[in-house]
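Enquirer: Could you look at this predicted model? Sequence included:
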Amino acid sequence: MFTIRYIFIFLVLLCFAQPTIGAERVYLDITASETRKINIAVPWFQNKGLPQQKQILGRQLADTLSRSLEFHGIISIIPSNEFGGNQADDRKKLGADYSILSQYEIKSDSIKLEMRLLDVAGNEIIMGKSFSGSMEQKEQMIFKFCDSVIKTLTGKPGIATTRIAFINGEQNVKEVFMTDILGTKFKQITRHKHLTVSPRFVPGGNFLTYTSYHSGNQNLYITDLRQNKTTRALSRRKGLNLAPAWSADGKHMILTLSKNGNPDLYLLDAKGKIVEQLTSRAGINVSPTWSPDGSHVVFVSDRSGSPQLYLMEMGTRKVKRLTFEGSENAEPCWSSSEDLIVYSSLRDGIYQLFTLNPYNNKPPNQVTKDLNYHESPCWSPDGNQIIFAKRDGKKNQIYAIMKNGSFQRRLFTLPGSQNYPQWSR
């Protein structure tokens, strides 16, 4: 069953001056389930040249900012219809903790955005930013400001400027796509018109690796996301060249190769040269994920008879079994911010998402509980959210959920079926 399912899955698939935030500021703990969401009012952006006149663009800009803030799961946006989108209304009466006062100015084909974060209780501007660029860049400007707001409130940068890669397609034609967090702009990365699986960002976010069958063998490729035509093969060894786990510095990867018959894990350098074989015929070994400090790797093996998670210490190559509950445990992903693994586990015929700390003996924590299949989980760069593929009817679609199990939602809608989501870091 392991051979059929898991090999098939992987193979077939300003600037305003910013005030100093005082040391006494208490940041919001976004991981605490009991934390009340922060209420923020986002009035329509004002046209600097026509400050008294509401315009459609101002509403659209406010909507983009509202959705990117709300995406983080810690913020509740006060509906604009409660204050008419007006920047001058009394936000205290609306129950707002903060308000964002913004304006824009259009010159030729460029736009300038000015945004300020107002602490409503103290009636004090605590952060402001100014951005200029083309009209096509306006969403990125808003995302950057959003990340600054999140950092002001939590002490950690937001994730609005990050990207999500995934596989989209039908049957034997599946390609790599990429999108922003709101699904407002999609970019097709591959055009092989064949089966492509397992996209993986290289640390830094400028390169993406993936596996494709278009040449006849299942080869590993790397593409420069800054230049659409710059793609080359990293590993073309006979058999599997599958799903690399990149080290945090991007200098090494751990790859599943089957050049000698059995699927085993190999350590390679960034150019695809084999440095060392890590496993040797102890069952089928796939899905490596590296700890942030590079000292350990978690992977999947059926050496015990069913697919389970194992922990390898890179210094000694000692291996320890981690999972004992669930008939199948697979697709682990290690958080970049803490010692926490998310993985899919088959429980009562349903694939659910669980998290566990690989260094202690505490039982795993169940994240999803609805009666749908939840697979291919991946952490957000800040370690607070998880994206995954969810069986929604007959097709898979990309969902996100907070790590405490709250705020589950579908991220976007596209024709076809979407799988293997990966978050840039």
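Expert: It's in.
Enquirer: Now do the helices in this protein.
Expert: 2, 8-12, 56-70, 138-154 (DSSP state H).
Enquirer: Among these, show me which one is buried the most.
Expert: Ranked by mean neighbour count under mean count of other CB atoms under 10 Å, these are led by helix 138-154, which reaches a mean of 22. All C-beta atoms are positioned from the backbone trio N, CA, C, and that covers glycine.
Enquirer: helices or strands up against it?
Expert: helix 56-70, strand 110-119, strand 124-134 (3 or more CB pairs under 8 Å, 6 or more residues apart in numbering; DSSP states H and E).
Enquirer: Tell me the gap between that helix and the middle of its chain.
Expert: 16 Å (CA atoms, centre = their mean, to the nearest Å).
Enquirer: same question, stretch 223-239
Expert: Mean C-alpha position of stretch 223-239 versus that of the full chain (CA atoms, centre = their mean) differs by 22 Å.
Enquirer: can you give me the mean pLDDT across it?
Expert: Regarding stretch 223-239, the rounded mean pLDDT is 89.
Enquirer: Can you list the neighbours in contact with it?
Expert: Residues outside stretch 223-239 that contact it (CB atoms under 8 Å, 6 or more residues apart in numbering) are 178, 189-190, 205-210, 215, 217-222, 241, 244, 255, 257-259, 261, 263, 268, 271-272.
Enquirer: quick one, strands of the stretch 301-425 of the chain?
Expert: 308-313, 319-321, 328-334, 341-347, 350-356, 365-366, 374-379, 385-392, 395-402, 409-410, 417-423 (DSSP state E, counting those that start in this stretch).
Enquirer: May I see the helices and strands packed on helix 138-154 arranged in TSV, with distance to Ile164 and mean pLDDT as well?
Expert: What follows is the helices and strands packed on helix 138-154, written out as TSV (distance: least, CB to CB, whole Å; pLDDT from 0 to 100):
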stretch	distance to Ile164	mean pLDDT
helix 56-70	14	97
strand 110-119	24	97
strand 124-134	22	97
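Enquirer: Relative to Glu338, which of the ones you listed is closest?
Expert: Across these, Glu338 has its closest neighbour in helix 56-70 (23.7 Å, CB to CB).
Enquirer: Return the subset of the contacts of stretch 223-239 lying in strands.
Expert: Here DSSP state E is the test, and the contacts of stretch 223-239 give 178, 207-210, 219-222, 241, 244, 255, 257, 268 as lying in strands.
Enquirer: Show the buried residues in the contacts of stretch 223-239.
Expert: 178, 189-190, 207-210, 218-222, 241, 244, 255, 257-258, 263, 268, 272 (16 or more other CB atoms under 10 Å).
Enquirer: Could you say which one of the helices and strands packed on helix 138-154 comes nearest to Gly416?
Expert: So among the helices and strands packed on helix 138-154, helix 56-70 is nearest, using CB to CB, at 23.5 Å.
Enquirer: got the angle for that closest one vs helix 138-154?
Expert: Helix 56-70 and helix 138-154 are oriented at 40 degrees to each other (axes from the mean of the first three to the mean of the last three CA atoms, to 10 degrees).
Enquirer: Which elements pack onto helix 56-70?
Expert: For helix 56-70, the packing partners by 3+ CB pairs under 8 Å, 6+ apart come out as strand 46-47, strand 75-78, strand 98-107, helix 138-154.
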